[in-house]
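> Mind folding the following:
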Amino acid sequence: MQWVKHFCHKCNGWTWKCTFTKHYLLIIPSPTFLLFPSSLLLSFLLLLVNRRSWGTEKLNLPPSPPTIPIIGNLHQIGLQLHCSIHNLSEKYGPLMFLRLRYLPNSSFCPYGEYWAQVRKISVIELLSTKKVQSFKSVREEEISIMIQKISQLSSMGAMVNVSELATTLTNDIVCRCALGRKHGNSNFGDLAGKLLKLQTAITFSDLFAWLGWMDNLTGFMGRFKKISRELDIFYDQVIDEHLIHENKHDDPDYNKDFIYILLQIQKHHTNFTRENIKAIIMVRSTIEWAFAELVKNPNVMRKAQEEVRRVVGKKDHQMHYLKLVIKESMRLHPAVAINVLESSMVTNIRGFHVPANTRLAINN
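The predicted structure follows:
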């Protein structure tokens, strides 16, 4: 209620009039009021985290660095996962128990008709001695090209980038054997490299399944889908080229590549689709490290060279020493820094209890 001065026309004078106004009540909660639901929510989260560890308190687990509720040991892991694990192992030993996520996952191909069919194709059509020997001319030609590049750079006094040469060599050999042609001036090699980096990157969904939607906000899923689409288009073009020039493959002198073999298999197996054909593996790190180790060990290089000169062209499959060099290089410098496995049952390692469904990360 409010009194307002009002002019009255009847009495030709000023009077006072009572008016009623609307009032709105604004309730501002005090900090004490907000503290209660926040404490309740925090207690619930801590209870949820502690409940997960109740079953493991009585177990003799491997040494573990200090953890933080909800995120576990995530704060102790940097961008280079293998380096972070190495630094932790120097303090807590070679066997550690890290809490990085709650939901384990695994990807596998179940044993069945499809698995047996793919294995048969790989062993007979790709990895057999006869098939490997059929592409001998391809390997010799590409190695000759690489040697010519090294000679040209050496004569000019320029630096030789072994990593780049090894990448080009492996890519060209694999592409000619699998696709029937080099990737040439296309950006196929760059796309494959970018896709490999994305596949080995650590994402929100890798650490916390319930934060997978964050990968869309960071743009990770967008980049992954974009590169996958571009590679898919490239594979479609290669398959279409093989279908267009299918008559050329009937020539007995034509060196049939792996795509041609898969297309022939597709004619007899209706469940073998294009998606099964679109696959390629390119390896270069093993060759780089093998070169580096040979340069560091001249005696080993000399023995390998003597064996190659003695056996090549006669009994190529009997290069036992060279095979040992390659295996030792792969042992010292694996292509993948960390191998991730998963325990299917409860086991003991060095007297420590390892629960079932635990992800085992072997730092190479």
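> ok, residue 177 - contacts?
Residues near residue 177 by Cβ atoms under 8 Å, 6 or more residues apart in numbering: 135, 138, 257, 258. Bear in mind the C-beta positions are built from the backbone N, C-alpha and C, glycine included.
> Mind doing that once more with 6 Å?
Applying Cβ atoms under 6 Å, 6 or more residues apart in numbering to residue 177 gives the contacts residue 135.
> ok but it is inside a helix, no?
Yes - checked against DSSP: H, G, I helix; E, B strand; the rest coil, residue 177 lies within a helix.
> ok, it to residue 260 distance?
11 Å (Cβ to Cβ, to the nearest Å).
> What values do phi and psi take at residue 354?
In terms of degrees, to the nearest 10, the main-chain angles of residue 354 are phi -120, psi 110.
> Equivalent analysis for residue 347, please.
Dihedral angles for residue 347 - degrees, to the nearest 10 - are phi -150, psi 170.
> same question, residue 214
Per degrees, to the nearest 10, the backbone of residue 214 is at phi -70, psi -20.
> Contacts only, for the nearest residue to it once chain neighbours are set aside.
The shortest distance from residue 214 to any non-neighbouring residue, by Cβ to Cβ, 6 or more residues apart in numbering, is to residue 204 (4.1 Å). Taking Cβ under 6 Å, 6+ apart, we find residue 204 in contact with 211, 214, 215.
> what's the neighbour count on the nearest residue to residue 347 once chain neighbours are set aside?
Nearest non-adjacent residue to residue 347, counting by Cβ to Cβ, 6+ apart: residue 354, 5.0 Å away. Neighbour count of residue 354, defined by other Cβ atoms under 10 Å: 18.
> Would you mind measuring from residue 354 to residue 240?
Distance from residue 354 to residue 240, by Cβ to Cβ: 50 Å.
> cool, and residue 226?
Counting by Cβ to Cβ - residue 226 and residue 240 are separated by 22 Å.
> and what of residue 172?
On the measure of Cβ to Cβ, residue 172 and residue 240 end up 22 Å apart.
> Give me the more crowded residue out of the two.
Higher neighbour count among residue 172 and residue 240: residue 172, with 21 against 10, using other Cβ under 10 Å.
> Am I right that that one is in a helix?
Yes - according to three-state DSSP, residue 172 belongs to a helix.
> so it makes contact with residue 141?
No - with contact defined as Cβ atoms under 6 Å, residue 172 and residue 141 do not form a contacting pair (9.1 Å).
> Do a quick rundown of the helices in the stretch 101-250 of the chain.
Along the stretch 101-250 of the chain, counting by DSSP state H, counting those that start in this stretch, helices occupy 113-121, 129-134, 136-155, 162-178, 188-199, 204-207, 214-217, 220-244.
> On the three-state scheme, residue 96 is what?
coil.
> what's the neighbour count on it?
19.
> Next, it: phi, psi?
According to degrees, to the nearest 10, residue 96 has phi -130, psi 160.
> show me the contacts for it.
Taking Cβ under 6 Å, 6+ apart, one finds 62, 63 in contact with residue 96.
> can you check the one 4 residues further on too?
For residue 100, the set of contacting residues under the criterion of Cβ under 6 Å, 6+ apart consists of 72, 74.
> Mind telling me what element it is part of?
If you go by DSSP states H and E, residue 100 is not part of any helix or strand.
> Same question for residue 78.
Using DSSP H and E, no helix or strand contains residue 78.
> And the pLDDT for it?
We have a pLDDT of 73 for residue 78.
> was I right about residue 258 contacting residue 176?
No - counting by Cβ under 6 Å, residue 176 is not a contact partner of residue 258; they are 10.1 Å apart.
> ok so, going back, how close does the residue nearest to residue 214 get to residue 74?
From residue 204 to residue 74 the distance is 11 Å (Cβ to Cβ).
> what does residue 156 give?
Applying Cβ to Cβ, the value for residue 156 to residue 74 is 50 Å.
> Between these two, point out the one with more neighbours.
The neighbour comparison of residue 156 against residue 74 (other Cβ under 10 Å) goes to residue 74, with 16 against 8.
> Contacts only, for that one.
residue 100.
> what are the ranges of the strands in the stretch 201-350 of the chain?
338-342, 347-349 (DSSP state E, counting those that start in this stretch).
> ranking the ones you listed by mean pLDDT, which is last?
Among the strands of the stretch 201-350 of the chain, strand 338-342 scores lowest, with a mean of 60.
> Buried among the contacts of residue 204? Need that as a selection in PyMOL.
To isolate the buried members of the contacts of residue 204 in PyMOL, using 16 or more other Cβ atoms under 10 Å:
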select buried, resi 215
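> Closest one to residue 191 out of the contacts of residue 204, please.
residue 215 (19.8 Å; Cβ to Cβ).
> Now do the same for that closest one: its pLDDT.
The model's pLDDT for residue 215 equals 83.
> swap in residue 152?
90.
> I'd guessed residue 301 sits against residue 295; true?
No - when contacts are counted by Cβ under 6 Å, residue 301 is not listed as touching residue 295 (7.2 Å).
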